[in-house]
Structures are given as structure tokens and as C-alpha cells.
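Colleague: Sequence plus the predicted model coming up.
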Amino acid sequence: MTIKLSNVGKRFNRDWIFRNTSYTFLAGHHYAITGSNGSGKSTLLQALAGSLGISEGKIEWELNDRAITPDSIYNQLAIAAPYVEVIEEMTAVEFLLFHQQFKPLLKGISLDEILFIIGLDKAAHKQIRYYSSGMKQRIKLAQAIFSNVPLLLLDEPCTNLDLAGFDLYNKLIRDYANYKTIIVSSNDINEYSFCENVISIMDYK
Ligand SMILES: Nc1ncnc2c1ncn2[C@@H]1O[C@H](COP(=O)(O)OP(=O)(O)OP(=O)(O)O)[C@@H](O)[C@H]1O
């Protein structure tokens, strides 16, 4: 998935969050968006997901030389972010099965295998509401990383994870998502050390 931004700007009321942003995210490459709290990283990520309208400029998505319209981009991406909720009434198995109806999981890996890999096999049939915050983050990450889509958007992906969780996250990216276009919004190098490109949003103010 290639994403081309041409003179993109976003403002909330009178405040421009970023402006005159022209940038091309290339297919299969990995990008980090960095910047201080409140600088606009999440806002930019949501604009890249097509879930937040921009105030000026143009965003174009392209997959294998074919333009993807803004209303269908959602089918081509997976996102893990603090503002994307899990369904607490479901168990982990139900949650992944539910998502699978809209976005298939990667081929060649079963639900049981996924739950084992992320260390939730023993909690697979427990309602997510009884999960710890780190367990919830693991299921969110699994849902995004194991979705069979070409674009992966991650906002503060290791929130609530312990050291083993950071290692797991990096292994999941390496083993299951390396070929995708990945854009990570973060200020923690441990969340984006695999990104060849680091963008400071402060350069687009
Ligand atoms: N819906 C909204 N309406 C008005 N202002 C908003 C809205 N969403 C975000 N903002 C403002 O836009 C700015 C950028 O917020 P954003 O969440 O994108 O920052 P961030 O860089 O991701 O921050 P953090 O590192 O704290 O997560 C902030 O000043 C925020 O208050």
C-alpha cells in the first residue's frame, strides 16, 4: 500500500495541527511518526486511516497500481490504537472470530496458534473485561497484526506491555508483518526500532 499526501493540513477549530504536509509512504516500508504530546501524531494516523477528514490537501491510497477510494480504504488496513476499543463482553476467541468476518486473518495460521503465540491460550475463553490491561493490549495487537491487510497502523502499540510484551511485539512484526506498509505513532524507540524512516511531525507545523 502506497499513501501519497499532497499539501495535507488538518485543523481543529482555529488551530492547525499540521499543514503543508507532502509525503509519500511507500509500499512495504516502515515509518515512525514522532513528536511531543499533543503534537498531532494520532490525528495524522487517523487521517491516514481515512477515519478523520482533512481540512486541506489530498490523500491518495494505492494498492498494486490501483487507486483505493477513501470509503474503501478501511478494508485494506488494520489499526491498533488506544481509541480503538475491544469488545469487553467477548472472549478472545469470539473477538478474533468476530473481526475475521470483516477482515480475514493471515492464511496458514489458526486461531489457537495465534492465541498461543500471544500467550493468551489459557485465557482464550475468558471475557476480555476480566483481562489485565497488558492482556487487552496483546489481543488488540494480535487482531491488527494477524489481519491479512497490506497496511498496518499502530498508535503507541506497547502501551501497558511488560518487557516480555515488547519482545513479543517486535517478534510479531518481524514474523508476520514485515512485508506490510507499517506506520507507527510513538515516541518510544522500542516501539519503532524496525522503522527505516522516522518522521518528526514538528517538521510539518
Ligand atoms: N476531536 C478533536 N477536537 C479538537 N481538538 C482535538 C481533537 N482531537 C485532537 N485534538 C487536538 O489536536 C492536537 C493533537 O492531538 P493528537 O492526539 O493527535 O496528539 P498526539 O501527538 O497523538 O499526542 P500524544 O503523544 O499525547 O498521544 C491536540 O492539541 C488535541 O487536543
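Modeller: Done, it's in.

Colleague: drop to CA atoms for contacts and neighbour counts, all remaining ones
Modeller: Will do.

Colleague: what's the average pLDDT for stretch 191-205?
Modeller: Per-residue confidence for stretch 191-205 averages out to 94 on the pLDDT scale.

Colleague: buried set for it?
Modeller: For stretch 191-205, a neighbour-count test (16 or more other C-alpha atoms under 10 Å) marks Glu191, Tyr192, Phe194, Cys195, Val198, Ile201 as buried.

Colleague: Grab the two from those residues that are most spread out in space.
Modeller: The largest distance within the buried residues of stretch 191-205, taken as C-alpha to C-alpha, falls between Phe194 and Ile201 and amounts to 18.7 Å.

Colleague: Tell me the one among the buried residues of stretch 191-205 nearest to Ser55.
Modeller: Of all the buried residues of stretch 191-205, the one with the least separation from Ser55 (C-alpha to C-alpha) is Ile201, at 16.7 Å.

Colleague: And the strands in the chain, which stretches?
Modeller: Applying DSSP state E to the chain gives strands spanning 2-12, 15-25, 30-34, 56-63, 66-68, 77-80, 151-155, 181-185, 197-200.

Colleague: closest to the ligand out of those strands?
Modeller: Of all these, strand 2-12 sits nearest to the ligand, with 4.9 Å by C-alpha to the nearest ligand atom.

Colleague: Could you tell me the angle between that closest one and strand 56-63?
Modeller: Between strand 2-12 and strand 56-63, the angle comes out at 150 degrees (axes from the mean of the first three to the mean of the last three C-alpha atoms, to 10 degrees).

Colleague: could you give the mean pLDDT of strand 2-12?
Modeller: 97.

Colleague: Give me the below-cutoff pLDDT ranges for the chain.
Modeller: For the chain, no stretch is flagged by pLDDT under 70.

Colleague: now the helices for it?
Modeller: Counting by DSSP state H, residue ranges of the helices within the chain are 41-48, 92-102, 111-117, 133-145, 163-172, 189-192.

Colleague: Let me know whether Ile139 touches Ala92 as I believe.
Modeller: Yes: between Ile139 and Ala92 a contact is recorded at 7.0 Å, counting by C-alpha atoms under 8 Å.
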